[in-house]
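Colleague: missing the sequence, but the structure's below:
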Ligand SMILES: Nc1ncnc2c1ncn2[C@@H]1O[C@H](COP(=O)(O)OP(=O)(O)OP(=O)(O)O)[C@@H](O)[C@H]1O
């Protein structure tokens, strides 16, 4: 099976989206998210984070401007994957059947390849033993891991995540953050995540962009060393980046 596998840069050129009624959710955003890096988008509620993500995913068309991947997605299905806040699994399908779903839309992938790829990614999220369980038999954290596995089964070059762990308790969200970083290290994709959690952004991202009123107002490079693990939260440098982001958000309040 040969599907997308190398990280792609995301380039937004003068992207705007008007919803009508005077709502300009994204306002002339020009930005590049580098290939293979982790980027976080933060900002007050309603500033356009989700809309920018949806524009990049192709779920929404810009009113003006354009979004490109570099290298471009030439006929490669499953190139851009999206993880939403809710795992949204099909309740009548088992874990593995949910994970195989995106591959069923790619006709050149055989049934055996679909199963192999799904088991492979389920092993990565430590759910191989639960492959035949139904969603109602899984905990919230397990469902989110299935959702992650489903997003990654096509070996996307870009993973977009919209507050994926917001509904989970703090310990679980920290564990899943670490899991996502280990998947990112193994599978080499570009990751763009929306979060309200400054600690999560500080720990996980190479750079953090602060949005306000549809625009990217500040971009902060995060020089914390890699690999990023939970123990970094105790370092002075973590406190510095956390404080800087808090100040920027307060400016926007
Ligand atoms: N489908 C839609 N139709 C009309 N307006 C919309 C639609 N989706 C979003 N908006 C508006 O666009 C603006 C940006 O919304 P968006 O969901 O992108 O913000 P956000 O930063 O992700 O917010 P939050 O942090 O609360 O999720 C808001 O004013 C919102 O009300």
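Modeller: Arrived safely. Remember, it's a predicted structure, so these values are computed and weren't measured experimentally.
Colleague: C-alpha from now on. contacts and neighbour counts both.
Modeller: Will do.
Colleague: near the ligand, which residues of the stretch 51-200 of the chain?
Modeller: Contacts of the stretch 51-200 of the chain with the ligand, taken as Cα under 6 Å from any ligand atom, map to residue 51.
Colleague: ok, now with 8 Å
Modeller: 51, 52, 194, 195, 196 (Cα under 8 Å from any ligand atom).
Colleague: now tabulate those in JSON lines and tack on distance to residue 220 and secondary structure.
Modeller: Listed next are those as JSON lines, based on distance: Cα to Cα, whole Å; DSSP: H, G, I helix; E, B strand; the rest coil:
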{"residue": "51", "distance to residue 220": "21", "secondary structure": "helix"}
{"residue": "52", "distance to residue 220": "18", "secondary structure": "helix"}
{"residue": "194", "distance to residue 220": "15", "secondary structure": "strand"}
{"residue": "195", "distance to residue 220": "15", "secondary structure": "coil"}
{"residue": "196", "distance to residue 220": "16", "secondary structure": "coil"}
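Colleague: so which of the residues you listed comes closest to the ligand?
Modeller: Ranked by distance to the ligand (Cα to the nearest ligand atom), those are led by residue 51 at 3.7 Å.
Colleague: quick check: that closest one touching residue 24?
Modeller: No - assessed by Cα atoms under 8 Å, residue 51 is found out of contact with residue 24, at 10.2 Å.
Colleague: still on that earlier bit, ok, the residues of the stretch 51-200 of the chain next to the ligand vs residue 240, which is closest?
Modeller: residue 196 (17.8 Å; Cα to Cα).
Colleague: number of residues surrounding the residue lying closest to the closest one once chain neighbours are set aside?
Modeller: Leaving out its chain neighbours, the residue that sits closest to residue 196 by Cα to Cα, 6 or more residues apart in numbering is residue 42, at 6.0 Å. Applying other Cα atoms under 10 Å, we find 25 other residues in the vicinity of residue 42.
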